[in-house]
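Chemist: need coordinates for the below:
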Amino acid sequence: MKVLPVIFLLELLLLFANAAEPEYNIFCYWDGQSINRKHRSNFQSWDVNTKLCTHLIYGSSLGLDPAGSGEVKLNRPEEDLDYDQLAQVRRLRNIQLKTIISIGGWKDESKLISKMLSDSKKRDQFYSSLINLLYKTAMQGVQINWKFPAHLGSQPEDQKNFVTFLHELRIILQEHNFLLMVVVSARLDEATLAAYDIPKITKYADFVTLLVHDHQDPYSRRLSYNAPLSGDKIRSVESCVSHWVEHSNSPSKLLLAVPLFAQSYTMDSSNTVVGSPSKGPGRQQQDSLRPGYMTYGEFCKQVSRWEKKFDNIAQVPYAYKGDQWVSYENGRSISAKMHLVKEQRLGGAQVMSLDADDFQGDCGERYSLLRVIVSIIGNPDTLTTQKPTTEGIGLCPQEGLFRNIWDCQQYYECRDAKRIDYECIEGYYFDEKLGECQPASQVECKQDFVTWRPGQKRYSFENLPLNLKIVY
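Modeler: Down below sits the predicted model:
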């Protein structure tokens, strides 16, 4: 028997190691403003499912000192709401879940940021106040969310200054073992491309979140998809991801942002095709209270009354009703995006945002969109309901999700011997194998029961069949 050289064996081991499935991160962004929403769209710390995320990012109202000192401060100094919420986030920390604080989204503060970046003393004020904040709130890192360098009130030299800022910030954060994340606008228009030094940003950041969608889009005069997978060279997910992968040469640092909210428009004509005229944002909803915006939890409860379509080129769904038009995500569109994450070997995904999902389970399983992401790039064990330590009785003899034997559109969850009933949206049946609602045409549904109304003479207590469904 021949003995293989040691070097050859090592090469084989490395080959198999590289061929192994990479580990993906799932960053769950929590919009701190969601506490202001009404009714079942109001999101609290106890609504967070820590098992579905690898990292939790809390988006507070932190920004720069309006006086121009460069310090990080609450934009609402008269309120302690954010610090109360941050205390709740701190209690969610565990060994698996890492907690990050997000600073920015600073469209209205571009001039302040530009001045801070160009002044070493103001940058120092930013660094010291940030470190104090991270220790005070017990966060494990920071996400810098500035999507508008080199335009919208800033200066052309901000591209260079932003890199200097990130370089210095990384050195300081590493000394304290804090994580550095950056959110960028990944669109490929000239102004956005000119804003970023892609190789250096990815060099200094631990993770870079690629944002293709934009909350300002509903104010345009054209119906627009939120995050089309393909078909648009400037803002399609495929084009933007490919550009950043090529120029960063660090795909494992890149995260794909996935919008879980629905973006709505008011149509200016009866033409429902994307690109058709729009009057602006859709009507404000009673729970989310923002024009042009709906949480998926809001939208899924009313989607059965909308006309639904799916664009096979862009790989996204859209819907319309009256003069309202909505771009949103569903299981199919998110699956396509997650397969792109795997193809490009990205570092994972960031959901925008956790509170916009159907976290209450009003339309089926709780966090139904996030669960699609977890099922493809996450740990599937987190989706499996653990067996109870004690045996249940009655309608819930064991844990899990089960279809109603009388109605394929309905299903129920058994947890701790308690039953919770759900219903798929119109035109969908519950698929027990997948554990989720699917188009009715794709689900086998046997309705081989016998109906009987009390008082009918056909049956009595002596000859009731086992497959009898009693109706009233």
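Chemist: so what's the residue count around A195?
Modeler: Applying other C-beta atoms under 10 Å, we find 21 residues neighbouring A195. (C-beta placed from N, C-alpha, C; glycine too.)
Chemist: look at stretch 426-435 and report the distance between its end residues.
Modeler: One end of stretch 426-435 to the other measures 17 Å (C-alpha to C-alpha, to the nearest Å).
Chemist: would you indicate which residues of it are buried?
Modeler: Neighbour counts over stretch 426-435 (16 or more other C-beta atoms under 10 Å) mark Y428, Y429, F430, D431, G435 as buried.
Chemist: same check on stretch 63-77?
Modeler: Judged by neighbour count (16+ other C-beta under 10 Å), stretch 63-77 contains these buried residues: G63, L64, D65, S69, G70, E71, V72, K73, L74, N75.
Chemist: got the domain boundaries for the protein?
Modeler: Domain segmentation of the chain under automatic domain parsing yields 23-259+329-381, 385-472.
Chemist: T266: which of those domains is closest?
Modeler: Closest to T266 of these, according to C-beta to C-beta: domain 23-259+329-381, at 8.7 Å.
Chemist: and the residue nearest the centre of the chain, its phi and psi?
Modeler: Among the residues of the chain, the one closest to the centroid is V351, at 1.8 Å (C-alpha atoms, centre = their mean). Phi and psi for V351, reported as degrees, to the nearest 10, are phi -90, psi 140.
Chemist: circling back to that earlier point, restricted to strands, list the buried residues of stretch 63-77.
Modeler: If you go by DSSP state E, the buried residues of stretch 63-77 have G63, L64, V72, K73, L74 in strands.
Chemist: that older thread, mean pLDDT lowest where, among the domains of the chain?
Modeler: Sorting the domains of the chain by mean pLDDT places domain 385-472 lowest, at a mean of 66.
Chemist: if we can go back for a sec, could you dump the buried residues of stretch 63-77 to JSON lines with distance to G400?
Modeler: Formatted as JSON lines, the buried residues of stretch 63-77 follow (distance: C-beta to C-beta, whole Å):
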{"residue": "G63", "distance to G400": "46"}
{"residue": "L64", "distance to G400": "50"}
{"residue": "D65", "distance to G400": "52"}
{"residue": "S69", "distance to G400": "56"}
{"residue": "G70", "distance to G400": "54"}
{"residue": "E71", "distance to G400": "52"}
{"residue": "V72", "distance to G400": "46"}
{"residue": "K73", "distance to G400": "48"}
{"residue": "L74", "distance to G400": "44"}
{"residue": "N75", "distance to G400": "45"}
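Chemist: of the residues you listed, which is the nearest to V237?
Modeler: Nearest to V237 among these: G63, at 28.7 Å, using C-beta to C-beta.
Chemist: spatially nearest residue to G141, not counting backbone neighbours?
Modeler: L179 (2.8 Å; C-beta to C-beta, 6 or more residues apart in numbering).
Chemist: what sits against the one you found?
Modeler: When contacts are counted by C-beta atoms under 8 Å, 6 or more residues apart in numbering, L179 touches K98, I100, Q140, G141, V142, L173, D206, F207.
Chemist: any chance of these in CSV, plus neighbour count and distance to V326?
Modeler: Formatted as CSV, these follow (neighbours: other C-beta atoms under 10 Å; distance: C-beta to C-beta, whole Å):
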residue, neighbour count, distance to V326
K98, 18, 34
I100, 24, 30
Q140, 18, 36
G141, 21, 34
V142, 25, 33
L173, 20, 40
D206, 17, 35
F207, 24, 30
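Chemist: which pair of those residues spans the longest distance?
Modeler: K98 and L173 (13.6 Å).
Chemist: so what's V274 closest to, chain neighbours aside?
Modeler: Leaving aside its chain neighbours, V274 sits nearest to L223 (5.3 Å; criterion: C-beta to C-beta, 6+ apart).
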